[in-house]
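Visitor: I need the structure of the sequence given here:
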Amino acid sequence: MYPLLTASAYASPQETRVIRHRFRTSVVCATLLAFGLGTLQGVASASAPPDTARASGTVAAIEDGAARSLAATLSDSAWRTRVREAALTSDEVGLGDLVGKDPSQAAKGFGSVVADADRELAEAKGLGTKAGPLLQLRLADESMREALRAGAEPLVAAAPADDGATTVTAYDSAGRAHALDAHRLPERPVYVVGVDAERAVTAGMAVLREELARNSLSTAGPVDSASAASDGFWTSRITSVRLSDDEEPWVKGDAEIFSLVTGFGQDGKVRVDPVDMPYLDEDGRTYYPNQILVNWSYYKYNLADVVMMEEDGSTNYRSLAKALADALLTIIDMGAYVPLVNAVLDAMPDDWWTDDPDYVDSWYTLARSSAGSFRGARGNGTMALEPYWVSAF
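Guide: Have a look, this model is predicted:
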């Protein structure tokens, strides 16, 4: 259990937030003990193994702390039943809604942890105050439903930040940490606590557009809402898209994909248009979205590049926008098209290339006339495109 701390007058704002979070966690643990929901020794032993320890304030650390706290509350049988019913009823359960509807002391104590985690997650991901509740729970795999219904005691885990991790740390209601094989589905049910990626991407696209527009790299609003010629405009439409199977750990949920379309705007400056792809959940499956990818009325040349990214939980959208602005605003239109994929990739923070699989694939110099199937430069994705005229009438 975290030690009881007080904020120093010399603490930075970030340090003060960490101190307050630890204080609230201590209060919650004390509440759980008072209602017979655990032992002091059990809570103390809940720390993750050294090789999975994470820096405080990161998305992974916030998720891990929430998972540990939730596990401790599950020693309350009534609350445990409520959580089980919710997990069996819905594929994804918002933890804020769940604790708000339960009158138990366990739920009330855990509610303060959830509220703190939601605020910290929004800050860590650069989403501001408009993102809404982000923390959610899901059952790790459909095959675990039968055992959960039969009354098996679940473990609680957060997805590891590193897709190459060989173990997943999960907690039981006594506060003990269990190291699970990341690539072998456990027989015991596991709740996974993490970010609502769909909500995060939706909020993140708004942040990206706002920040890119502020830096003259885009216009505010969706990619397909630009003013165009009075009779309409040409676009490139995705008729099908498929990503390769990358054998992610069982603890990872569905992917949340978005793309950055880049080119030179009508003013000759580099522009970036984020495109949300919420349907693209699973690798190894072909989707047929008929989604507009490029609005050519935005661009000076009939060429553009596409970089496909994945929301993996740790993505900070405000930092991404700043990095793109810093890298792309220095590129000058020399009167001929220059591919921008490398500049976009070079703009990504170093830690995006160590553990987190944010970069999915890229497509260089797609033309307005491009038609047919196009495999990404990384070989991880394939898109079929067709020119599509959007009429103004």
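
Visitor: how about the strands of the stretch 251-393 of the chain, start to end?
Guide: Here the stretch 251-393 of the chain has its strands, by DSSP state E, counting those that start in this stretch, at 257-264, 270-277, 286-287, 291-295, 303-310, 359-367, 372-375, 381-391.

Visitor: wait, which of those is closest to residue 348?
Guide: strand 359-367 (6.9 Å; Cβ to Cβ). Bear in mind the C-beta positions are built from the backbone N, C-alpha and C, glycine included.

Visitor: Quick one: closest of the strands of the stretch 251-393 of the chain to residue 190.
Guide: Minimum separation from residue 190 across these (Cβ to Cβ) falls at strand 303-310, 22.1 Å.

Visitor: Check which helices and strands the closest one is in contact with.
Guide: Under the contact criterion of 3 or more Cβ pairs under 8 Å, 6 or more residues apart in numbering; DSSP states H and E, strand 303-310 touches strand 257-264, strand 291-295, helix 341-347, strand 359-367.

Visitor: Stretch 310-319: end-to-end distance?
Guide: For stretch 310-319, the first-to-last residue distance is 15 Å (Cα to Cα, to the nearest Å).

Visitor: what's the model's confidence in it, averaged?
Guide: What stretch 310-319 shows for mean pLDDT is 81.

Visitor: Quick check: buried residues in that stretch?
Guide: 310, 311, 312, 313, 314, 315, 316, 317, 318 (16 or more other Cβ atoms under 10 Å).

Visitor: export those to JSON lines and tack on distance to residue 189?
Guide: Compiled in JSON lines, the buried residues of stretch 310-319 are given as follows (distance: Cβ to Cβ, whole Å):
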{"residue": "310", "distance to residue 189": "26"}
{"residue": "311", "distance to residue 189": "26"}
{"residue": "312", "distance to residue 189": "24"}
{"residue": "313", "distance to residue 189": "22"}
{"residue": "314", "distance to residue 189": "26"}
{"residue": "315", "distance to residue 189": "29"}
{"residue": "316", "distance to residue 189": "32"}
{"residue": "317", "distance to residue 189": "33"}
{"residue": "318", "distance to residue 189": "36"}
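
Visitor: What is the nearest of these to residue 77?
Guide: Using Cβ to Cβ, the shortest approach to residue 77 within the buried residues of stretch 310-319 belongs to residue 313, at 31.1 Å.

Visitor: helices and strands of this structure: which one has the lowest mean pLDDT?
Guide: helix 40-44 (a mean of 30; mean pLDDT, DSSP states H and E).

Visitor: Now tell me what touches stretch 280-290 from outside.
Guide: By Cβ atoms under 8 Å, 6 or more residues apart in numbering, the residues outside stretch 280-290 that reach it are 237-246, 248, 254-257, 277, 279.

Visitor: Now, of the residues you listed, which are buried?
Guide: Buried among the contacts of stretch 280-290 by 16+ other Cβ under 10 Å: 237, 238, 239, 241, 242, 243, 248, 255, 256, 257, 277.

Visitor: Quick one: which of those has the lowest pLDDT value?
Guide: Within the buried ones among the contacts of stretch 280-290, pLDDT reaches its minimum at residue 248, with 63.

Visitor: how about the strands of the stretch 251-393 of the chain, which one is nearest residue 157?
Guide: Closest of these to residue 157 is strand 303-310, at 20.1 Å (criterion: Cβ to Cβ).

Visitor: For the nearest residue to residue 137 once chain neighbours are set aside, give me its contacts.
Guide: Nearest non-adjacent residue to residue 137, counting by Cβ to Cβ, 6 or more residues apart in numbering: residue 93, 4.7 Å away. Residue 93 is in contact with 83, 86, 87, 136, 137, 138, counting by Cβ under 8 Å, 6+ apart.

Visitor: which of those tops the neighbour count?
Guide: residue 83 (26 neighbours; other Cβ atoms under 10 Å).

Visitor: any idea which element it lies in?
Guide: Assigned by DSSP states H and E, residue 83 belongs to helix 77-89.

Visitor: What are the boundaries of the helices in this structure?
Guide: All helices of the chain, identified by DSSP state H, fall at 13-34, 40-44, 59-73, 77-89, 95-100, 105-124, 145-149, 197-214, 317-328, 341-347.

Visitor: so which of the ones you listed comes closest to residue 174?
Guide: helix 40-44 (4.0 Å).

Visitor: where does the stretch 1-150 of the chain have low pLDDT?
Guide: 1-57 (pLDDT under 70).

Visitor: how does this structure divide into domains?
Guide: 13-195, 198-391 (automatic domain parsing).

Visitor: Next one: residue 190 from residue 67, what distance?
Guide: Computed as Cβ to Cβ, to the nearest Å, the residue 190 to residue 67 distance reads 10 Å.

Visitor: Which one of those two is surrounded by more residues?
Guide: residue 67 (27 against 23).

Visitor: quick one: the more buried one from residue 369, how far?
Guide: Residue 67 sits 50 Å away from residue 369, going by Cβ to Cβ.

Visitor: can you check residue 211 too?
Guide: 32 Å.

Visitor: Which one's more surrounded, the two?
Guide: Between residue 211 and residue 369, counted using other Cβ under 10 Å, residue 211 has the larger neighbour count: 20 against 11.

Visitor: picking that back up, relative to residue 172, which of the strands of the stretch 251-393 of the chain is closest?
Guide: Residue 172 lies closest, by Cβ to Cβ, to one member of the strands of the stretch 251-393 of the chain: strand 303-310, at 30.7 Å.

Visitor: could you check the angle helix 317-328 makes with that closest one?
Guide: For strand 303-310 against helix 317-328, the angle by axes from the mean of the first three to the mean of the last three Cα atoms, to 10 degrees is 150 degrees.
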